[in-house]
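Colleague: generate coordinates for the sequence data below:
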Amino acid sequence: MRIRIRKKYLFYILGATSALISSGVTTIDSYISNSVITDPWTLCLVVFIAGVPITFLISAFLSLPINKKSIGSRIDPSFKKLRLVKKEELKYHIVAAFGNAVTTIAYFMIISLYKEPSSFLSFYQIVILYLLVIESLAEKNAPTLAEVESAMIVTFGAVLASLSLKGEINWLGLAIVFLVLNPSWVLFSIYQRKLKLMKFDGEYNDSINIRFWNLVFTTVITFAILYSIDVFTGTNHVMNAIKAMKYWHWLFLSMGVTFFAYILYIRALGMGKASVTQAVTSLSIAFSIPYSLLLADTLHIVVFESSLHAIIKIMGIILVVMGVISFALTEVKGYLFIRLKSGYEASKVISKIWEIKGITNVAAVTGNCDIVAKVRIRTLGKGYERIIRTLEKVKEIDSFRWDSILKEWEEI
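Modeller: Numbers count the residues shown, from 1 in each chain. Alright, predicted model coming up:
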């Protein structure tokens, strides 16, 4: 059955569903970390060791064909079957895997320090500020005031949601958050997005293969990191991780659910900027509250210290949602219909247009125009500043027309 849905709605559905699943995963990990495998270093490695076979089995199942299409194509239309890594994507996998390895080590350390899911999930959202800066530098274009305000709202809301009324500050936790967790997550997000935007045989890379191979490379890198630590410090994290495989049912549950959270997140990355995608998935803070209440008795944690604390957390969640909505309203997309002067080759002009920041697709066409280009920018004003003025300087162009996209649909 074919379903058509507005592309913008699909992006937010993917991000929000990933956030919902992620909050559940974090709750499972919180229980495992505090009740089953308490050493964060050991837990970090063993989840990857267990994750590779369970992810392989799920990916192999999703590769099975039904009516000439794989089962996994219902989740990601680009997916056909599990395949080997292609040469072009290898370097991106390695960098993304390194970011994932470091992020996961920091993640389990934070879990062991804070225990309550909604608190440490909030720290993940500070990465939006990092992503916004990186994207601005990459695009050589300062973020708009609206984007800065949105990022600040989401970040402030995330911090509010993590506050405790006891006035205690865990300096080690904050150092891990700002110096390890968020920088490594930036690396992971940006390179996962690069992988998703790659094309093979005319189709975009699929999130299922990206997830599987990222997990394989991450496991190798994490093993190398912990083995080196064991050699230099005399610890036994690697052996402890192998012994911890006796808890495989918990580990398979965690990584099996994580698989779906990540492929939805990766697919969303391919449709929107990393900062906007992260803003949407920050809804995991809100979703984690019910899970935290379920865990409260088991782990003897306090979710709401008082009525005032509950109000502060809820205010933080509301700010996160407001920031996400604000982010959604800043992006502008459109099409450029370009006519060339006679005597000029479209291929040469296309290469010039492709270099303009904000142009996401360019095609030579027949009909009333010669070239059609798709545009994705932050605001209409910046579009005219960066794109329209640049096109006016291209001598081969006779005329062009800009049509903004009001609604966009995608078949799923």
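Colleague: tell me the phi and psi of L269?
Modeller: Backbone torsions for L269, taken as degrees, to the nearest 10, come to phi -60, psi -30.
Colleague: which residues sit in contact with it?
Modeller: Taking Cβ atoms under 8 Å, 6 or more residues apart in numbering, we find L269 in contact with 189, 192-193, 196, 277. From N, CA and C alone the C-beta is placed, and that goes for glycine too.
Colleague: can you get me a residue count around the nearest residue to it once chain neighbours are set aside?
Modeller: In space, and not counting its chain neighbours, L269 is closest to R193: 4.2 Å by Cβ to Cβ, 6 or more residues apart in numbering. Residues within reach of R193, counting by other Cβ atoms under 10 Å, total 21.
Colleague: gap between R193 and Y265?
Modeller: Going from R193 to Y265 by Cβ to Cβ, to the nearest Å gives 10 Å.
Colleague: list residues touching both of the two?
Modeller: In terms of Cβ under 8 Å, 6+ apart, R193 and Y265 are both contacted by the residues T277.
Colleague: what residues of the lengthiest helix in the chain count as buried?
Modeller: Ranked by residue count and defined by DSSP state H, the top helix of the chain is helix 207-233. Buried residues in helix 207-233, defined by neighbour count with 16 or more other Cβ atoms under 10 Å: 207-219, 221-223, 225-226, 230.
Colleague: what packs against that helix?
Modeller: Judged by 3 or more Cβ pairs under 8 Å, 6 or more residues apart in numbering; DSSP states H and E, helix 207-233 is in contact with helix 40-62, helix 90-114, helix 182-197, helix 237-243, helix 248-269.
Colleague: could I get the ones you listed as CSV with distance to T360?
Modeller: Below are the helices and strands packed on helix 207-233 laid out as CSV (distance: least, Cβ to Cβ, whole Å):
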stretch, distance to T360
helix 40-62, 28
helix 90-114, 19
helix 182-197, 9
helix 237-243, 42
helix 248-269, 14
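Colleague: pipe those helices into a markdown table and attach mean pLDDT per row.
Modeller: Shown next, in a markdown table, are those (pLDDT from 0 to 100):
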| stretch | mean pLDDT |
| --- | --- |
| helix 40-62 | 93 |
| helix 90-114 | 87 |
| helix 182-197 | 88 |
| helix 237-243 | 93 |
| helix 248-269 | 91 |
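Colleague: go through those and name the closest to A364.
Modeller: helix 182-197 (21.1 Å; Cβ to Cβ).
Colleague: quick one: list the elements packing against the closest one.
Modeller: Using 3+ Cβ pairs under 8 Å, 6+ apart, helix 182-197 sits against helix 90-114, helix 117-124, helix 127-139, helix 207-233, helix 248-269, helix 274-281.
Colleague: those: which one's closest to I312?
Modeller: Counting by Cβ to Cβ, I312 lies closest to helix 117-124 out of the helices and strands packed on helix 182-197; the figure is 11.7 Å.
Colleague: quick one: mean pLDDT over that closest one.
Modeller: Averaged across helix 117-124, pLDDT comes to 64.
Colleague: can you offset everything so residue one is 42?
Modeller: Sure, I'll start counting at 42 from here, so that last one is helix 158-165.
Colleague: tell me the buried residues in stretch 405-418?
Modeller: For stretch 405-418, burial by neighbour count (16+ other Cβ under 10 Å) applies to 410-412, 414, 416-418.
Colleague: out of these, who's nearest S59?
Modeller: Set against S59, the nearest of those by Cβ to Cβ is R417 (21.0 Å).
Colleague: that closest one - that's part of a strand, no?
Modeller: Yes: with DSSP: H, G, I helix; E, B strand; the rest coil as the criterion, R417 is assigned to a strand.
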